[in-house]
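Engineer: Could you work out the structure for the sequence below:
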Amino acid sequence: MIDALLKQMTLQEKVGQLNQRLYGWQVYEKVNGQIVLTDYFKEEVKRFGSIGWIYGVFRADPWSGRNHTTGLCLEEAKEVSQLIQSYLKANTRLQIPAFLVEECPHGHQALYSTTTPVNFSVGASWNPTLYEEVQKIVAAELREKGAHVGLVSALDVTRDPRWGRTEECFSEDPFLTSCFAKAAVTGLQGDFGAENVIAVLKHLAAQGACMGGHNAGPVSIGDRELREIHFPPMVAGVAAGAAGFMAAYNDLDGIPCHTNKYLLQSILREEQQFKGIVMADGCALDRLTDRLPPVEAAALALSRGIDVSLWDNVYPLLEEAVDQGLVTMDVLDQAVRRVLSLKEKLGLFAHAVSTSTSAKTNKKNSVLQLATESIVLLKNQQQVLPIPKDRPQKIALIGPHIKNIYHLLGDYTPFKSAAECVTICQGMERYQTESLTIKAAEGCGITQGNAQWLQEAMAIAKSSDTIIVTMGGSSIRDFRTVFDDNGAARQGSHDMTSGENIDLAHLNIPTCQLALIKALATLGKPMIGLMISGRPHLIEPIESYFTSILYCGYPGQYGGEAISRLIFGDDTPSGHLAVSIPSTEGQLPVYYNYRKQAFQEDYLDESGRPKYSFGYGLTYGAVASVITSVRLFDGCIEIEGETENPSAMNGSTTIQVYLKDYTTDVIPRVKALCGFTKSMIPAQGSKTFSLRIPLSSLLQGSLLTETPEFTLQVEAENTIIFCEKFNVKTA
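Structural biologist: Modelled structure (predicted):
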């Protein structure tokens, strides 16, 4: 069918299938209670006689300007989807349906969609299986509106927490990131039928290694670093069947990713045998015109491997590029064939608009569980947590995050209604009784404070037994935010301290928050700290003020409930850091898996070690693990053991397995994660654990490049297991 259709298409119609120029929220408008398609949309249809992709029809946020009044509820979304496809069927010669593409970095960025924890939090859950279940919910919500494609950040491995998009990264570790990238694909795409969506994974590649934490900054790393750190999530995505990838804004060795033949052809197409589409990032192709005439930029990007554009003024010139002989029709046809094949595979030619309905059962339960498991207990002196629910006491809840749900949600978040969400205040107040009272005051804003706010906080704190304080950052956008052409914030609101283009030179918590914490500490009462942020912030300067600290990330729309359940012991902390927390910015980088080179780790004026390293996390209870068996069998490393929890509280453990000294040919990394398993251990109970780590998975991760001959030595430190002495040559 596809070849026959391709033969019928004109050059103009083919180019239309590769262009994704429209801002989707502008294709409809509400007039006198009716939804109509705009001339903006109709002119695009007329221009190409064919539309391949439309981005963000359902998007509702400050950039799009769509809100609960001007945006689309579920029934309206279905109506608009049908209007678009019906118009294309009636007004184009070949009646090819369009892909409706939606942003879903942490849930679908549309009204009445579920907003999940951001990737920075998700990685800390160390539970890809649960994340896959949540992504199934996201897929169902996309398809019930009529969308087909989900854009999801899954490839970026963060190496510098100053980068504002750290919140979009699962981890500083390639193996852990790869596990979640695979889960994103399997959750969204499923069996790749009419009830699922296409997953486009972004960004390819190495955007997390940007110079100095500058968004889209230069990347100065070699091929081995690319293969060991930044390519494994892409490899996992291909293996899981990802239908698409999005190129990154940065360069690799001076060549933009969008025209990088080595990246898009040699690695992705030839080595990995990828058959799907490659999409440009927003307006990225326009950036090529700083060095090339637009028509040459179009030809170069297409010939180097970009199939589909996004919002740029470059790919409309592909007709001219073909006519001038700058790119061949065969190359153009190859890209168009990929697009049409995906439409056929997803069933669009038969059913352009799905009639599926989102599964409501246990939707909240899964997202709430993910939020809970993503929170990391960093400190718990004198077992202050959990707070007993049956003990008479007065609690002061203080901090800039306690009442505003958007401070818990991350960048690229849709407008939310109060009924959909649980703030920290709301979550805590559910535990209030006649004898357990909770009073709340913000004390300051994210970056601004005043004497009155501080006085209000001090007043309730003085009469309390325990003080709970939030601290950290926010990725909140509002109508004061100034946006770039690609939707990134040029200048955030005064509360926006994280997100795309919101890079920081310093990772300290804002001055007004520090002043609030110091003032509260003078009261000499137990203080529990809640770090709310999309990146590591410095804990060293304020740690001594707190008896307990929970690192909460951005936990999503049920974050207030998740935090409260942990505070009062209805759930047990089970998160582990997926990104190391430095003591100062001067230590950066502090990722754990550096090469085992002989060097002086400490500086003259301070330690070179992070405050809390990758993999760290406490739990309630007293959990200990013992290895009972390790062997090489059937191409796998098999590890078995038992975990015990003799305490009176439920506990959690994540067995982490690392490689050490895995090569003698090059300098290996100090250690490299290669396997893990997570389980909850009941009070006064025990569980056995078993891990099978295929040697093939180590090969895929580029730590090893041929089947090794080795003797296996095992060293165990409770829940940390080291497998050593892989004597293998690396290519």
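Engineer: Could you chop the chain up by domain?
Structural biologist: Per automatic domain parsing, the domain ranges recorded for the chain read 2-345, 364-576, 624-724.
Engineer: The ones you listed: which one's closest to Pro589?
Structural biologist: The closest of the domains of the chain to Pro589 is domain 2-345. By C-beta to C-beta, the value is 5.7 Å. Just so you know, the C-beta spots here come from the backbone N, C-alpha and C atoms, and that holds for glycine as well.
Engineer: And for Leu88, the neighbour number?
Structural biologist: 20 (other C-beta atoms under 10 Å).
Engineer: Before we move on, what's the pLDDT of it?
Structural biologist: Predicted confidence (pLDDT) for Leu88: 97.
Engineer: what does Val728 give?
Structural biologist: Listed pLDDT for Val728 reads 41.
Engineer: and what of Gln700?
Structural biologist: 50.
Engineer: Assess the claim that Asp661 and Val670 are in contact.
Structural biologist: No. Asp661 lies out of contact with Val670 (C-beta atoms under 8 Å); the separation is 9.7 Å.
Engineer: got any residues that touch both of these two?
Structural biologist: Counting by C-beta atoms under 8 Å, 6 or more residues apart in numbering, the common neighbours of Asp661 and Val670 are Lys596.
Engineer: The two - which one has more neighbours?
Structural biologist: Neighbour comparison, Asp661 and Val670: the larger count goes to Asp661, with 18 against 14 (by other C-beta under 10 Å).
Engineer: roughly how far apart are that one and Gly445?
Structural biologist: To Gly445, Asp661 is 50 Å away according to C-beta to C-beta, to the nearest Å.
Engineer: swap in Ile532?
Structural biologist: From Ile532 to Gly445 the distance is 13 Å (C-beta to C-beta).
Engineer: Tell me which of those two has more neighbours.
Structural biologist: Using other C-beta under 10 Å, the more surrounded residue of Ile532 and Gly445 is Ile532, with 26 against 18.
Engineer: How much space separates Lys579 from Ser121?
Structural biologist: Not Lys; residue 579 is Val. 10 Å.
Engineer: Not counting its neighbours along the chain, what's nearest Arg269?
Structural biologist: Using C-beta to C-beta, 6 or more residues apart in numbering and skipping the chain neighbours, the partner closest in space to Arg269 is Gly305 (6.9 Å).
Engineer: give me every residue that touches that neighbour.
Structural biologist: Going by C-beta under 8 Å, 6+ apart, Gly305 touches 260-261, 263-265, 268-269, 278.
Engineer: Type out the PyMOL command that picks the buried ones from those.
Structural biologist: Of these, the buried ones go into a single PyMOL selection, burial set by 16 or more other C-beta atoms under 10 Å:
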select buried, resi 260+263+264+268+278
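Engineer: Let me know the closest of the contacts of Gly305 to Asn19.
Structural biologist: Val278 (14.6 Å).
Engineer: other SSEs contacting the helix or strand that contains the closest one?
Structural biologist: Under the criterion of DSSP states H and E, Val278 resides in strand 277-279. Other elements packing on strand 277-279 under the criterion 3 or more C-beta pairs under 8 Å, 6 or more residues apart in numbering; DSSP states H and E are strand 198-204, strand 244-247, helix 329-345.
Engineer: Show residues contacting the helix or strand containing Gln426.
Structural biologist: Using DSSP H and E, Gln426 sits in helix 424-429. Helix 424-429 is contacted by residues 395, 397, 399, 401-403, 408, 438, 440, 468, 470, 530, 559-565, 567 when judged by C-beta under 8 Å, 6+ apart.
Engineer: do that again at 10 Å, thanks
Structural biologist: Residues from elsewhere that reach helix 424-429 (C-beta atoms under 10 Å, 6 or more residues apart in numbering): 395, 397, 399, 401-405, 407-408, 418, 422-423, 437-438, 440, 442, 468, 470, 530, 532, 552, 555, 558-565, 567-568.
Engineer: ok, now how distant is the closest residue to Lys671 other than its chain neighbours from Gly560?
Structural biologist: Spatially, and ignoring its direct neighbours in sequence, Lys671 is nearest to Tyr658 (4.1 Å; C-beta to C-beta, 6+ apart). The gap separating Tyr658 from Gly560 is 35 Å, by C-beta to C-beta.
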